[in-house]
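[1] Would you be able to build a 3D model of this:
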Amino acid sequence: MSELRALRDAYRQHKAQILQRLDQATLAPRRVRALLQALSQHADAALCALAAHAQLPPGVALLAVGGYGRGELFPNSDVDVLILLNDESGPDHEATLRSVEQFVSSCWDAGLEIGSSVRTVAECLAESAKDVTVQTALLEHRRVCGNAVLVDRFAAAFAAAMNPQAFLVAKTLEMRQRHSRFEDTPYALEPNCKESPGGLRDLQVILWVARAAGLGQSWDELARKGLATPLEARQIKRNEALLGLIRARLHLQAKRREDRLVFDLQTNVAETFGYSSDVTPEGRLALRASEKLMRQYYWA
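    Below you'll find the model as predicted:
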């Protein structure tokens, strides 16, 4: 238990240092991705240490999936982990499951709040065929530690099973349904910077569809393929960075996972960007700090 306590203390201390840098008013939006990647890499190191502590057998692999899989871990987002098992259930299967259970328990004991799933390669393919949300999360998988051969086998099977056209249709329908939940407007008074139309999720949909079709995994790759101009790629990256920094600051101000720019948090978030309210010489309020932030948000 003392080892887990040491891991927990080290994890929390280093994470706090990264979050402190995220909260600096002088931080340029273009720097946010590097800090989100630093949070992701910090979680990687903690998971590897915990896997060793739980003595996960060599036939098991840990995969980061979802946002964590693409290396963007927001301050209070779940650390989504796929624990990948061999399809063959040998005599050591029960022992493997016990060590997996111990690993998940030790993650929570160490203060690492993971969202975990335990599946074989065949189960992953079956679940992704039934649910486009699972398929999307697995699309962005990356190996954290464990059996590299097993991960390669999964990656090859997943790619072979992918139908880019069907994926496009499913994600387009999903996006339209999501937009309708937010009244089909990016200009809500309390927008969700992740889910609302024009938010981060819409940008992710474009990259997911491109990735599924083998057209690229980044805006720069899409520009090189002629699917966007270099200017468009730069504009998208700049606006994506601003939306990402707003989301990160929301998490920090709310001290929980919060993606909505609710009225109660707009002023606090605006002040973390260095905005302050303007007052006329007569002492009347001319422009609130929150209004300055929301103008930047809507523009992005």
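[2] just checking, next helix/strand downstream of the helix or strand harbouring residue 51?
    In the assignment (DSSP states H and E), residue 51 maps to helix 32-54. Next helix or strand after helix 32-54 toward the C-terminus (DSSP H and E): strand 61-64.
[3] for that next one, what is the average pLDDT?
    Taken as a whole, strand 61-64 has a mean pLDDT of 97.
[4] what helix or strand is the most centrally placed residue in the chain on?
    Among the residues of the chain, the one closest to the centroid is residue 67, at 2.4 Å (C-alpha atoms, centre = their mean). For residue 67, the host element (DSSP H and E) is helix 66-69.
[5] packing partners for the following helix or strand past that helix?
    Once helix 66-69 ends, the next helix or strand along the chain (criterion: DSSP H and E) is strand 79-85. In terms of contacts (3 or more C-beta pairs under 8 Å, 6 or more residues apart in numbering; DSSP states H and E), strand 79-85 is packed against helix 32-54, strand 61-64, helix 66-69, helix 93-109, strand 114-120, helix 121-130, helix 148-161. For glycine as for every other residue, the C-beta is placed from the backbone atoms N, C-alpha and C.
[6] Can you list the neighbours in contact with the helix holding residue 67?
    40, 43, 63, 73-74, 77-81, 136-137, 140-142 (C-beta atoms under 8 Å, 6 or more residues apart in numbering).
[7] Let me see the contact set for the residue lying closest to residue 223 once chain neighbours are set aside.
    Spatially, and ignoring its direct neighbours in sequence, residue 223 is nearest to residue 233 (4.1 Å; C-beta to C-beta, 6 or more residues apart in numbering). When contacts are counted by C-beta under 8 Å, 6+ apart, residue 233 touches 219, 220, 222, 223.
[8] Poorly predicted segments of the stretch 1-150 of the chain, please.
    Residue ranges of the stretch 1-150 of the chain with pLDDT under 70: 1, 88-92.
[9] Just the strands from the stretch 101-250 of the chain, written as ranges.
    Here the stretch 101-250 of the chain has its strands, by DSSP state E, counting those that start in this stretch, at 114-120, 142-146.
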